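**Student:** Provided below for reference: sequence and predicted model.
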Amino acid sequence: MKTLIIVTHPDIDHSLINKRWVEMLKEQPDKYSVHELYKAYPDENIDIKAEQTRMEQYGKIVFQFPVYWFSSPAFLKKWMDEVLIYGWAFGSKSEYKLSGKKIALALSVGLEEHEYGQSEKYKYRLEQLMRPFELTFDYVKADYRPFFAYYGIEPHSPKAWIEKSVPLYRDFLEAL
């Protein structure tokens, strides 16, 4: 079964790593269906029913995004607020449409991994910062999986550093 990858990057054309990950995913259309939110909705007017229908068609869903200010890009939060609604994703009479679906995050992170949790400057672990996603998907009865994170991404990261992430991300997706 194919995996739906929901990509939320406000400037994917100038991205280093997220753009490269999307290229890799599109090389395997039999395995991955890539849905780029900013390209689908440049005005941020979300077709809620289309998004819900899309998610219903997949057993595995990955949200791919860069970590911005210790969270996701704002459009992903808006998307979640509008798509994961009462009566569809949860509620007393809801069918919990995401129930049992494997859901994970794929994160590109600017800080180095050791800067999370081991530094006096950054006292929070990435797991703690991504906890709202875990809680959200647990609440809607999805099967939330551990996230994939690739650290140390900077505007001028060497191509070799970017390429090193590709097989790691592919392995993560295969194991999902």
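**Tutor:** Now that the structure is in, tell me what you want to look at.

**Student:** please identify the nearest residue in space to K2, excluding sequence neighbours.
**Tutor:** Of all residues not flanking K2 in the chain, S33 sits nearest, at 5.3 Å (C-beta to C-beta, 6 or more residues apart in numbering). Every residue, glycine included, has its C-beta placed from N, CA and C.

**Student:** lowest-pLDDT helix or strand in this structure?
**Tutor:** helix 126-129 (a mean of 90; mean pLDDT, DSSP states H and E).

**Student:** can you tell me the SS state at the residue nearest in space to the middle of the chain?
**Tutor:** The chain has F63 as the residue nearest its centroid, 1.8 Å off, counting by C-alpha atoms, centre = their mean. Secondary structure state of F63, per DSSP: H, G, I helix; E, B strand; the rest coil, is strand.

**Student:** can you check A104 too?
**Tutor:** From three-state DSSP, the assignment for A104 is strand.

**Student:** tell me how far it lies from S157.
**Tutor:** Noted for A104: a distance of 23 Å to S157, by C-beta to C-beta, to the nearest Å.

**Student:** please apply the same query to E56.
**Tutor:** Note on E56: its distance to S157, by C-beta to C-beta, is 37 Å.

**Student:** which one's more surrounded, these two?
**Tutor:** Using other C-beta atoms under 10 Å, the more surrounded residue of E56 and S157 is S157, with 15 against 12.
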